[in-house]
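Participant: coordinates only, sequence not included:
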Ligand code: PMP
């Protein structure tokens, strides 16, 4: 079901530029550089039992994404971490999604953005499973080359091709799109990294033109701990036909089995099931940190 209550019509608290404000008052002006020119970066995090999983890694990626877009968020890693925890607590949340977002303000309306104020907001809300029945179709756009966009930033602008690709996939009856990269190799979905099981080993694309997801890195560590070989390499789309299992990883998606890619069908196999168990145990604090 789509979200029924618009996100600006909910209650609770959002951390905005240094303080908690009532949810509905967390506003920005329409003449904000971040809105017009996508000078905006964000994070997606999940808390389990009130604790944000891999908080340091997410806050660090937020700071790094901003630097890749040429701006400095005026808060330290520790301050961002503390604000994140404050938001989860203030909203009385336990298992939830957390969305920090940083953008350039209203001092400039041209392309050049020198001297703009940098804003930071952090919101949190309950959000269940991201995917329901994950069937993928080939995306209408490819991931851009590293010399055409800041591909390693979690930058709002890079999601334009994701939303368009996802809409095109949904119009064909699929849940998401599988994006190839600029060379034609398998890259990722519009919001998660992808893994294939081939003859007992995990194969996943080298993240050289898209996000090296924090969940992706966690899953690689969990697989190696189980003695499952992990191969990071370029994967050609034709190889999808040979895969025994396919799954995606991401903060929102966690580990989600892929049921189909166009006319190819997949079952939830033993490696996917084992890694889902491990990930569940880890996020619920029953296992050592990976
Ligand atoms: N790729 C894209 C395009 C994403 O939006 C996400 C979600 N942040 C990921 C991969 C997975 O990253 P992570 O595991 O760090 O959430």
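Facilitator: Perfect, thanks for sending it. For clarity, every value in this text was computed on a predicted model and none was experimentally measured.

Participant: what bridges to residue 123?
Facilitator: For residue 123, the beta-bridge partners under DSSP bridges are residue 99.

Participant: how many neighbours does it have?
Facilitator: 21 (other C-beta atoms under 10 Å). Heads up, the C-betas are built off the backbone N, CA and C, glycines and all.

Participant: thought it was touching residue 99?
Facilitator: Yes. If you go by C-beta atoms under 8 Å, residue 123 and residue 99 touch, sitting 5.0 Å apart.

Participant: Can you report how many residues neighbour the residue in the stretch 1-150 of the chain positioned nearest to the ligand?
Facilitator: The ligand sits closest to residue 44 of the stretch 1-150 of the chain, with a gap of 4.7 Å, by C-beta to the nearest ligand atom. Applying other C-beta under 10 Å, we find 19 residues neighbouring residue 44.

Participant: Surely it and residue 97 touch.
Facilitator: Yes. The criterion here is C-beta under 8 Å, and residue 44 meets it with residue 97 at 6.8 Å.

Participant: Common neighbours of those two, please.
Facilitator: Common contacts of residue 44 and residue 97 (C-beta atoms under 8 Å, 6 or more residues apart in numbering): 251-252.

Participant: got the residue ranges for the helices in the stretch 1-150 of the chain?
Facilitator: Using DSSP state H, counting those that start in this stretch, the helices of the stretch 1-150 of the chain run over residues 33-37, 55-68, 77-90.

Participant: by contact count, what packs against the last one?
Facilitator: Meaning helix 77-90. Using 3 or more C-beta pairs under 8 Å, 6 or more residues apart in numbering; DSSP states H and E, the elements in contact with helix 77-90 are strand 13-16, strand 19-22, strand 51-52, helix 55-68, strand 96-104, strand 118-125.

Participant: Figure out which of these is closest to residue 153.
Facilitator: Of all those, helix 55-68 sits nearest to residue 153, with 3.9 Å by C-beta to C-beta.

Participant: how much distance is there from the closest one to the middle of the chain?
Facilitator: Centroid displacement of helix 55-68 relative to its chain, using C-alpha atoms, centre = their mean, to the nearest Å, is 13 Å.

Participant: buried stuff in that helix?
Facilitator: Within helix 55-68, the residues that count as buried by 16 or more other C-beta atoms under 10 Å are 55, 58-63, 65-66, 68.

Participant: likewise stretch 115-127?
Facilitator: Buried-residue list, stretch 115-127, by 16+ other C-beta under 10 Å: 116, 118-125.

Participant: Could you export those residues as TSV, including pLDDT and distance to the ligand?
Facilitator: Listed next are these as TSV, based on pLDDT from 0 to 100; distance: C-beta to the nearest ligand atom, whole Å:
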residue	pLDDT	distance to the ligand
116	98	25
118	98	21
119	98	21
120	98	18
121	99	17
122	99	16
123	98	16
124	98	15
125	98	16
